[in-house]
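1. need a 3D model of the following:
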Amino acid sequence: MKILHVISSMDPKAGGVSQGIRNLNPYIVKGDVQVEVISIDDKNEDYQLKDEFVIHKIGKGKTSFQYNPKLYVWLMQNLENYDCVVVHGIWQYHNYAVYIAIKKLKKKAKKTPKVIIMVHGMLDPYFQKAADRKMKALRNELVWRCTEKKAINAADALFFTCEEELLLARTTFKGYLPKKEINVGFGIQKPPIFEVQMKKAFEQKCPEILGKKYWLFISRIHPKKGVDVLIDAYNKMTSANHILPDLVIVGPVDSDYAQQMIEKANVNPQIHFLGMLTGNSKWGAFYGCEAYLLPSHQENFGIAIVEAMACKKPVLITKNINIWREIEAGNGGWILEEVSTDSIEKSLLVISKYTDAHLENKGKCAIETFNKTFDVEDCADIFITTLKNL
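-> Sure, this is the predicted structure:
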């Protein structure tokens, strides 16, 4: 079986979908399975990674739609060589290009591969309802009617990363009639085993934390992530003289919003912004924290959440994060009903009173949930078996 992943960009800065492909590929290339990727990236793009699979870079696209007609030409010339095409993400040209190429090949009575679309949370109703997305919601409605509805309903199957994502996708747009909806799960590779140099690397990035307990936030510093509400709740608690672990916030700080959050936190010496962490310092941050916090307004999967669980750390998340059901079922963390200062404050007060033994037990539940649900090796087996049975 020969599989082609189609994605707008494989640049790791573009988000978790490209990392998801990188996590999956090593475990699906077994026996008779071959994998390639095509992306709308500049041919000279250097991802600073050693990818051990073929990536066809078709060239940069135009506008946020990432329009590049070279993709359609390439697909028409090469699709017959593949058994399955997996489109990752919607709302951009790569999804529509696959749809029109397959349609054209069928008209010519040519061999066509099975087409699977993984929407990766992009059919979540949040994106149509959020107050700050009114213009984007209108754009999505128009694009849905013109292109996405046709592509989704024509695909052989839609793959989802979790049950909540599958259920929510049914509620967003009229005319949503996919042939098949399948929850195949999603996973990450096991983290490296803890080593002392990880702790040292993290402490070098954050010397203020030396000898202290801390809670950890790792994500983009973006309004969707609830970091502003987290800071407000934490500031309120420390102002009330509650004894708390420090709060370490990790993520890119080069945006105006991130700078606003740093200013909001400047009144509190227990909050530390570190920018991006990678390698040993990132794993040191995970392994050393008391708990991982992500009070997001919307999240489909959340790779960092699962990375924390794989490091035996319980997680505080919201019901707006689509893997909450799996985490709640495994008792691997705490689930907030809403993103508000009060709800976060109440939960953090409870967590702050946990004994070390209680936290350790909660961490054991977290890693058991990871091993049962989010280990990429198991997810890869499900992915391949499902493809072969379509």
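
2. for Gly279, which non-adjacent residue is spatially closest?
-> Once its chain neighbours are removed from consideration, Gly279 has its nearest residue in Ala201; the separation is 7.2 Å (CB to CB, 6 or more residues apart in numbering). C-betas here are computed from N, CA, C, even on glycine.

3. any idea where the strands of the stretch 101-250 of the chain begin and end?
-> Assigned by DSSP state E, counting those that start in this stretch, the strands in the stretch 101-250 of the chain fall at 114-118, 157-160, 181-183, 214-218, 246-250.

4. tell me which of these sits nearest to Leu142.
-> The stretch from the strands of the stretch 101-250 of the chain with the least distance to Leu142 (CB to CB) is strand 114-118; that distance is 19.3 Å.

5. average pLDDT across the closest one?
-> Rounded to a whole number, the mean pLDDT of strand 114-118 is 98.

6. now Gly333. Its backbone dihedrals?
-> When read as degrees, to the nearest 10, the backbone of Gly333 gives phi 180, psi -160.

7. wait, it touches Ile317, no?
-> Yes - with contact defined as CB atoms under 8 Å, Gly333 and Ile317 form a contacting pair (6.2 Å).

8. now do the shared contacts for the two.
-> Common neighbours of Gly333 and Ile317 are listed as Ile327 (criterion: CB atoms under 8 Å, 6 or more residues apart in numbering).

9. hmm, back to that, closest one to Met76 among the strands of the stretch 101-250 of the chain?
-> Evaluated with CB to CB, the strands of the stretch 101-250 of the chain place strand 114-118 nearest to Met76, the distance being 14.4 Å.

10. pLDDT value on the residue nearest to Gly279, please?
-> Per-residue pLDDT puts Ala201 at 98.

11. I'd say it and Asn280 touch.
-> Yes - the pair Ala201 and Asn280 passes the contact test of CB under 8 Å, sitting 3.8 Å apart.

12. ok, Asp41 to Pro113 distance?
-> The spacing between Asp41 and Pro113, counted by CB to CB, to the nearest Å, is 22 Å.

13. ugh, wrong one, I meant Asp156
-> For Asp156, the distance to Pro113 (CB to CB) stands at 9 Å.

14. more crowded one of the two?
-> The neighbour count for Asp156 versus Pro113, taken as other CB atoms under 10 Å, is higher for Pro113 (21 against 18).

15. pretty sure that one contacts Asn78?
-> No - Pro113 is beyond contact range of Asn78, at 10.2 Å (criterion: CB under 8 Å).

16. overlap in contacts, these two.
-> Shared contacts of Pro113 and Asn78, defined by CB under 8 Å, 6+ apart, comprise Leu4.

17. next, count neighbours for Asn268.
-> Asn268 is surrounded by 16 other residues when neighbours are defined as other CB under 10 Å.

18. who touches the closest residue to it other than its chain neighbours in this structure?
-> Nearest residue to Asn268 in three dimensions, chain neighbours excluded: Asn235, at 5.4 Å (CB to CB, 6+ apart). Under the criterion of CB under 8 Å, 6+ apart, the neighbours of Asn235 are 264-265, 267-268, 271.

19. Leu79 too?
-> Leu79 makes contact with 4, 85, 101-102, 105, 112-113, according to CB under 8 Å, 6+ apart.

20. ok, now Val229?
-> By CB under 8 Å, 6+ apart, the contact list for Val229 reads 295, 339-341, 344.

21. what pLDDT does it get?
-> Per-residue pLDDT puts Val229 at 97.

22. and stretch 206-222, how far apart are its ends?
-> The first and final residues of stretch 206-222 sit 22 Å from each other (CA to CA, to the nearest Å).

23. going forward, the N-terminal residue is numbered 16.
-> Yes, from this point I'll number from 16; that puts the last item at stretch 221-237.

24. run the chain-centre distance for it.
-> Taking the mean C-alpha point of stretch 221-237 and that of its whole chain, the gap between them comes to 21 Å (CA atoms, centre = their mean, to the nearest Å).

25. okay, buried residues for that stretch please.
-> When burial is assessed from 16 or more other CB atoms under 10 Å, stretch 221-237 yields the following buried residues: 221, 224, 229-237.

26. what is the mean pLDDT for that stretch?
-> 95.

27. how about the strands in the stretch 266-405 of the chain?
-> With DSSP E, counting those that start in this stretch as the criterion, the stretch 266-405 of the chain has strands at 286-290, 306-309, 330-333, 348-351.

28. tell me which of those strands sits most buried.
-> Sort these by mean neighbour count, taking mean count of other CB atoms under 10 Å, and strand 306-309 sits at the top with a mean of 27.
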